[in-house]
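Visitor: missing the sequence, but the structure's below:
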């Protein structure tokens, strides 16, 4: 669903958000994760999003969603006010602005087949896991039960059921695995053979992504900063989970959400209110001194 305005949320003042200053006024790029960060636990957009984006645009500040979600999904969610916005999609493997690809990092098809085979062995051993092969044009799945497909549709608007996900004709950006149990405890350890050559990142309680070693949200952000001539001191980043760590490192103004994974809290320079407390927009409005009418 495209974003719509929600009722404002009462939020306490963030305990570790710094005071506005000349340094925060110099921010030119704001990058935020989506699930667990910008969106609340019900996947709803925060109050005041349209107003904040409008004010940022007036000041020449670029806003960039950075997510494990598919580009088509992100573009749909920001439909109506995505002009000029940079989408860091598929955990940094695909970066798009105004429909034009800025960068991508496709995987070797042989590696994709090896990951798929590993998943099949997990399933044969009794694990409740499904794989999504994430291409530029679409996401591809073999598993057809509604419980799994419902989770796929949440993040991959364009998805196709095929007979063999190891043989799709597309540039594969990553292989995402949905574990109905614990991704960190069950699926990620089973992919240990790939950690020496590829990024195996736990991107949520139930999701693990396998990508090229060179592919992270942080790597995509650093390329974007270089292309735009924007420094880490001019960059503000928000995240909550382990796939956000590298992009937090790329910004002087790095914020873990109050609900973030402990490792993320330890890596960020500051902590923002939780995703359920409109933490991203409240922090932006405070530090950039934005006159937002519906944030208290």
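Guide: Okay, I see it. Owing to the predicted nature of the structure, the values given are computational and were not obtained by experimental measurement.
Visitor: Could you report the distance from the closest residue to residue 149 other than its chain neighbours to residue 89?
Guide: Of all residues not flanking residue 149 in the chain, residue 141 sits nearest, at 7.2 Å (Cβ to Cβ, 6 or more residues apart in numbering). (C-beta placed from N, C-alpha, C; glycine too.) Applying Cβ to Cβ, to the nearest Å, the value for residue 141 to residue 89 is 18 Å.
Visitor: any idea which element the closest residue to residue 91 other than its chain neighbours lies in?
Guide: Distances taken as Cβ to Cβ, 6+ apart place residue 68 nearest to residue 91, at 4.7 Å, with adjacent residues excluded. Counting by DSSP states H and E, there is no helix or strand that carries residue 68.
Visitor: likewise residue 20?
Guide: Short version, using DSSP H and E: residue 20 is in no helix or strand.
Visitor: wait, what's in contact with it?
Guide: Contacts for residue 20 (Cβ atoms under 8 Å, 6 or more residues apart in numbering) come out as 286-289.
Visitor: Then residue 174?
Guide: 90-91, 93, 107, 134, 209-211, 215.
Visitor: Show me which of residue 141 and residue 89 is the more surrounded one.
Guide: Neighbour count, other Cβ atoms under 10 Å: between residue 141 and residue 89, residue 89 has more, with 27 against 21.
Visitor: hang on, the more buried one packs against residue 76?
Guide: No. If you go by Cβ atoms under 8 Å, residue 89 and residue 76 don't touch, sitting 11.7 Å apart.
Visitor: Quick check, central residue of this protein?
Guide: Most central in the chain under Cα atoms, centre = their mean is residue 67, positioned 1.6 Å from the mean C-alpha point.
Visitor: What does the pLDDT read for it?
Guide: Residue 67 is assigned 96 on the pLDDT scale.
Visitor: Next, the residues that contact stretch 196-203 from outside, please.
Guide: Taking Cβ under 8 Å, 6+ apart as the rule, stretch 196-203 contacts 68, 91, 107, 111, 176, 183-184, 188, 191-192, 194, 208-213, 215-216, 241-243.
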